[in-house]
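Q: Mind folding the following:
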Amino acid sequence: MTSAICIRCGVSKHGAVSPCRKCDFRPSDKRELAKAMSLTDRFHSRSELAAIGERIGRGEEHAYDEANLQTFIRELEADPVTFERLRNPGPYTFRRWIFFLCFGISVLLLIGMVGYAMRLYFFAVDPAGDERRPRLVGANAPSNLGAYKWASSDTTTATSS
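A: Residues are numbered from 1 along each chain as shown. Modelled structure (predicted):
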């Protein structure tokens, strides 16, 4: 991820177009986007960015290279789709995708655990052997399945109602 400096308050952040964690500023017009892209680690070293950030934080105006700004602005004007994507990234940012991914995995795990618990509750191993039989006895059993009762250890027959 690209290291950048907020053009409004000078705090370091990840990504030129991401919102600032201190002042919540996000570049929106072409000139602001060009300024934000010029204050990244692609054009300055990290120590230079830290010094620029300190100056902006004290309220001093940074002297941007107008030739670079004009180059960025021309590139944004040449591709309006990219400009709109950078200016307004949409409702699904990275944090929201991570949230939905974690939430979805949690729901799937919960469904799996409930299914496993139901399997353990409704099916049991016959004490006389391996055969699995439903744990439905007497009046609680649905009429279409029939009711099974455990046989004694010497017989493995089941009676149905």
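Q: pretty sure residue 39 is touching residue 68, no?
A: No. With contacts counted by Cβ atoms under 8 Å, residue 39 stays clear of residue 68, the gap being 10.5 Å. Where C-beta positions appear, they are placed from N, C-alpha and C, glycine not excepted.
Q: neighbour count winner among the two?
A: Using other Cβ atoms under 10 Å, the more surrounded residue of residue 39 and residue 68 is residue 39, with 25 against 14.
Q: Distance check, that one against residue 50.
A: 11 Å (Cβ to Cβ, to the nearest Å).
Q: pretty sure residue 37 is touching residue 71, no?
A: No. With contacts counted by Cβ under 8 Å, residue 37 stays clear of residue 71, the gap being 9.9 Å.
Q: Who has more neighbours out of the two?
A: Remark: of residue 37 and residue 71, residue 37 carries more neighbours, 23 against 14, as counted by other Cβ under 10 Å.
Q: mind listing what the more buried one touches?
A: Going by Cβ atoms under 8 Å, 6 or more residues apart in numbering, residue 37 touches 16-17, 72.
Q: Same question for residue 19.
A: Neighbour list for residue 19: 13, 25-26 [criterion: Cβ under 8 Å, 6+ apart].
Q: which SS state does it fall under?
A: What DSSP: H, G, I helix; E, B strand; the rest coil gives for residue 19 is coil.
Q: Can you read off the pLDDT for it?
A: Here, the pLDDT recorded for residue 19 equals 83.
Q: do the same with residue 115
A: 83.
Q: and stretch 78-91, which residues are buried?
A: 83, 86-87 (16 or more other Cβ atoms under 10 Å).
Q: Just the ones of the residues you listed in helices?
A: Secondary structure defined by DSSP state H assigns 83, 86-87 of the buried residues of stretch 78-91 to helices.
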